[in-house]
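Visitor: take this sequence and fold it.
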Amino acid sequence: MRYATYLLQEGEKELFSKQHFQPKTFANSATGGAYGRKGEIPDWVLDYWHPLEKAMYPKYFARREQMKDEYEEWYFKTYPEEKKIKDH
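Guide: Okay, the predicted model is just below:
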């Protein structure tokens, strides 16, 4: 077992001695400068679009409003106590 540990330590020393002094990093890899910069935009941002912007995509926003109404109906059917809080 001692010999295996010795071989491992020697291998790690050799690896360290032969690695490049300035390793290449890619922008989107975990060590890169741009890692995690792309933010996820939440859906509610679309509610604040100007009506002229929404007019460019009438089918999409009509379907979206329909889906929001369906979701709200489902939510208050599933959690009726929340409707009482909303009404106050």
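Visitor: how about the contacts made by Glu65?
Guide: If a contact means C-beta atoms under 8 Å, 6 or more residues apart in numbering, then Glu65 has no contacts. Every C-beta, even on glycine, is put in place using the N, C-alpha and C of the backbone.
Visitor: quick check: pLDDT value at it.
Guide: Glu65 is assigned a predicted lDDT (pLDDT) of 96.
Visitor: so which strand or helix has it?
Guide: Using DSSP states H and E, Glu65 sits in helix 58-78.
Visitor: buried ones in that helix?
Guide: Neighbour-count burial for helix 58-78, counted by 16 or more other C-beta atoms under 10 Å, picks out Phe61.
Visitor: can I get the CA coordinates of that helix in PDB?
Guide: Only the C-alpha atoms of helix 58-78 are listed here, as PDB (Å, rounded to 0.1, in the frame of the first residue of the first chain):
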ATOM      1  CA  PRO A  58     -50.800  39.500 -31.100                       C
ATOM      2  CA  LYS A  59     -51.300  35.800 -31.300                       C
ATOM      3  CA  TYR A  60     -48.600  35.100 -28.700                       C
ATOM      4  CA  PHE A  61     -49.900  37.600 -26.200                       C
ATOM      5  CA  ALA A  62     -53.600  36.500 -26.700                       C
ATOM      6  CA  ARG A  63     -52.600  32.900 -25.900                       C
ATOM      7  CA  ARG A  64     -50.500  34.100 -23.000                       C
ATOM      8  CA  GLU A  65     -53.400  36.000 -21.400                       C
ATOM      9  CA  GLN A  66     -55.600  32.900 -21.900                       C
ATOM     10  CA  MET A  67     -53.000  30.700 -20.200                       C
ATOM     11  CA  LYS A  68     -52.600  33.100 -17.300                       C
ATOM     12  CA  ASP A  69     -56.400  33.100 -16.800                       C
ATOM     13  CA  GLU A  70     -56.500  29.300 -16.900                       C
ATOM     14  CA  TYR A  71     -53.600  29.100 -14.400                       C
ATOM     15  CA  GLU A  72     -55.300  31.600 -12.100                       C
ATOM     16  CA  GLU A  73     -58.600  29.600 -12.300                       C
ATOM     17  CA  TRP A  74     -56.700  26.300 -11.500                       C
ATOM     18  CA  TYR A  75     -54.800  28.000  -8.700                       C
ATOM     19  CA  PHE A  76     -57.900  29.300  -6.900                       C
ATOM     20  CA  LYS A  77     -59.700  26.000  -7.400                       C
ATOM     21  CA  THR A  78     -56.700  24.100  -5.900                       C
END
